[in-house]
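In: Below is the sequence, then the predicted model.
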Amino acid sequence: MARRSFLRQMFVLPFVGVASSWGQSSGHKQLNIMMKSAWGSDDPTKAAFPFLHGLALSEAGHTVQIFLLGEAVSLMRSSVAAAVVPVGWPPLEGTLKKVADRKVQIYACGACCRARSVVQTDLDQWGAKFGSPPIFVSLVEWANRVITE
């Protein structure tokens, strides 16, 4: 008899938590998230991750800023963005447009851009800005989370 009573209580226990959470807001903390990437068009799937994940985080209510360096700055060129198609995902150009529409700030390393002939007009279409080491440091200090992809 005691065992049957115990099992009945164990069966009901998981549902108590579900019932008490109905009607309550999610209550998740809004975070400041910095995404950093150096992946370029040579690996389209890895190149797209900071934008795909940054978009998802932004849509979930978090504040996201993206810092690109190395080969990743070439993704700011519209011709490159149009040619990058990650495996299993839509073309990068469409994702970049969504990121820009959500006003996610993108920084592209200035020295990396100069070395790869990425110019201001390339950045303007996405609302991006040239980045620098002091901007990188300020983003790290601002962020609750730094995600390197």
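Out: Received, thanks.
In: Please list all residues in contact with the closest residue to Ala83 other than its chain neighbours.
Out: Once flanking residues are discounted, Ala83 sits nearest to Ser41: 6.7 Å by CB to CB, 6 or more residues apart in numbering. Backbone N, C-alpha and C define where each C-beta goes, glycine included. Neighbour list for Ser41: Ala47, Glu71, Ser74, Leu75, Val80, Ala83, Val84 [criterion: CB atoms under 8 Å, 6 or more residues apart in numbering].
In: filter these to the buried ones?
Out: Buried residues within those, counting neighbours by 16 or more other CB atoms under 10 Å: Ala47, Glu71, Ser74, Leu75, Val80, Val84.
In: Now intersect the residues you listed with the helices, please.
Out: Assignment to helices by DSSP state H places the following of the buried ones among the contacts of Ser41 there: Ala47, Val80.
In: mind giving me JSON lines with the buried ones among the contacts of Ser41 and columns for pLDDT and distance to Gly94?
Out: JSON lines is the format used below for those (pLDDT from 0 to 100; distance: CB to CB, whole Å):
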{"residue": "Ala47", "pLDDT": "98", "distance to Gly94": "14"}
{"residue": "Glu71", "pLDDT": "98", "distance to Gly94": "21"}
{"residue": "Ser74", "pLDDT": "98", "distance to Gly94": "18"}
{"residue": "Leu75", "pLDDT": "98", "distance to Gly94": "13"}
{"residue": "Val80", "pLDDT": "97", "distance to Gly94": "14"}
{"residue": "Val84", "pLDDT": "97", "distance to Gly94": "11"}
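In: ok, which pair from the buried ones among the contacts of Ser41 is furthest apart?
Out: Farthest pair in the buried ones among the contacts of Ser41 (CB to CB) is Glu71 and Val84. Separation: 11.4 Å.
In: on that earlier part again, wait, a strand at the residue nearest to Ala83?
Out: No: counting by DSSP: H, G, I helix; E, B strand; the rest coil, Ser41 is not part of a strand but coil.
In: Check which element follows the lowest-mean-pLDDT helix or strand in the chain along the chain.
Out: Every helix and strand of the chain was ranked by mean pLDDT, DSSP states H and E. The lowest is helix 2-21, at a mean of 50. Heading C-terminal from helix 2-21, the first helix or strand you meet, by DSSP states H and E, is strand 32-37.
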